[in-house]
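K.L.:
need the 3D shape of this:
(chains A and B)
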Amino acid sequence: MCSYIVEKTALIGSAKGRKGWMRIDTANVYFDHPYVLAIDFTNEGEGGRDRVAIELSADSARALVERILAALASGEAAHAEPETEPTSAAIAMSC
Amino acid sequence: MSHYRGLQAEPVVFRGYDGDQGDAYYAKPIGSGTSVRRTSAPAKCPGIVVIHHLPGWDEWITEVVRKFAHHGYAAISPHLYFREGSDSPDDVGARVRAAGGVADAQVLGDVAGAMAYLRAQPNASGKIGVIGFCSGGRHTYLAACTLSGIDAAVDCWGGNVIVDNPKDLNAKRPVAPIDVTEKLNCPLLGIFGNDDANPTADQVNRTEAVLKRFNKTYEFYRYDGAGHAFFNIYRDAYRPEQALDGWKKVFAFLHRYLAASTASIAAE
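P.N.:
Presented below is the predicted three-dimensional model:
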């Protein structure tokens, strides 16, 4: 249904719209129940007149959330510093 | 009511809330009607203000305005978001949505201005109706309780007529329309889908109970298998069978309260 309920979040990022890349500082998330999950990426700090917009089905939106979280988890795991035992020299230097 | 295959439709300028000049879409019948008695456009037409839905002043609303002209009405749809600029309707609608919508006082002023536009036309019969869809349905309910000079009102699935959480009231929408029902001053038609989540079937029941309590003239039609916006051919919610019947109800209602007396004027 149409509603005035919009979930907002501040964010740091960029989006490519009609005029090329733009800085974005806000995502407005709106669920037109039960059909469409809409996300508008805008720069509220510059007036919010331009937006990069997407519309997804509810199931697609949930699937996307899962993939985003999975990608973040994989990336963090792949780039985590390996854990190492302290060397004798390191222990000696810390005393 | 005759059907007119000829019509004139164009953007116009109207004077709305606070005297602001804004865009509206206006259509009226021209040429011959289907009635054998008529050989020219009706001398007088009932007027209808079409209040657009939350997503904005879009192609579907312009089609609705032309539909009313086809049915013999002079119809106008004011662009309630004209103050937001001249970008595409969906971009403007998105900005208004993100800002929490437009203020009721402003909408009512724009609707009153659109009514004044209709009255100023040479073809005005003196009868005016208001119809709204979605948030426009809520605005219609509010207008019918607040503005004078409305002869019939049609609320198509207007949500938030009932406000269960007082925290949902704010500076833009300070009053729940249900709370001013006692002041409803014209017959009201309501069209609802039983699968709608806003308004729910329970909220429609409660609205009807209030209308009964105040002995208001109303008709409610509820459709199974239909949710929100089921007249709108551009949305997944479109339900052709229910929409066709709903439009019949709309035109029968408006003919009874707006056009019956107009027919006697045109026949003179």
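K.L.:
tell me the pLDDT at residue 80?
P.N.:
Unless you meant another one, I'm taking chain A. Looking at A:Ala80, its pLDDT stands at 84.
K.L.:
not quite, I wanted chain B
P.N.:
In this model, B:Leu80 carries a pLDDT of 97.
K.L.:
likewise the one 10 residues further on?
P.N.:
Confidence at B:Asp90, expressed as pLDDT, is 87.
K.L.:
what does the longest strand seen in chain A contact?
P.N.:
Criterion DSSP state E: the longest strand present in chain A is strand A:20-32. For strand A:20-32, the external contacting residues (CB atoms under 8 Å, 6 or more residues apart in numbering or on different chains) are A:1-3, A:5-16, A:37-46, A:48, A:50, A:52, A:58, B:94, B:97-98. Yep, even glycine has a C-beta here, placed from its N, CA and C like the rest.
K.L.:
beta partners of B:Val154?
P.N.:
As for beta bridges, B:Val154 partners with B:Ile131, B:Leu189 under DSSP bridges.
K.L.:
contacts only, for it.
P.N.:
B:Val154 neighbours (CB under 8 Å, 6+ apart): B:129-132, B:137, B:140, B:188-191, B:250, B:253-254.
K.L.:
if we use 7 Å, what do you get?
P.N.:
B:Val154 is in contact with B:129, B:131, B:140, B:189, B:250, B:253, counting by CB atoms under 7 Å, 6 or more residues apart in numbering or on different chains.
K.L.:
what is the neighbour count of the fifth one?
P.N.:
Residues lying near B:Val250 (other CB atoms under 10 Å in any protein chain shown) number 22.
K.L.:
over to the one 5 residues further on?
P.N.:
Other residues within reach of B:His255 by the criterion other CB under 10 Å amount to 18.
K.L.:
quickly note the distance from it to B:His3.
P.N.:
12 Å (CB to CB, to the nearest Å).
K.L.:
then B:Trp57?
P.N.:
Applying CB to CB, the value for B:Trp57 to B:His3 is 25 Å.
K.L.:
so for those two, which sits in the more crowded spot?
P.N.:
More crowded of B:Trp57 and B:His3, by other CB under 10 Å: B:Trp57, with 22 against 11.
K.L.:
per-residue pLDDT, the more buried one?
P.N.:
Value for B:Trp57, per-residue pLDDT: 90.
K.L.:
next: the one 4 residues further on.
P.N.:
pLDDT, the model's per-residue confidence, is 96 for B:Ile61.
K.L.:
enumerate every residue touching A:Leu37.
P.N.:
A:31, A:56, A:58, A:61.
K.L.:
A:Ala38 now?
P.N.:
If you count contacts by CB under 7 Å, 6+ apart, then A:Ala38 has A:30, A:32, A:53, A:55 around it.
K.L.:
which pair in these spans the largest distance?
P.N.:
The two members of the contacts of A:Ala38 with the most space between them (CB to CB) are A:Asp32 and A:Ala53, at 12.7 Å.
K.L.:
before I go, just wanted to say thanks for your time.
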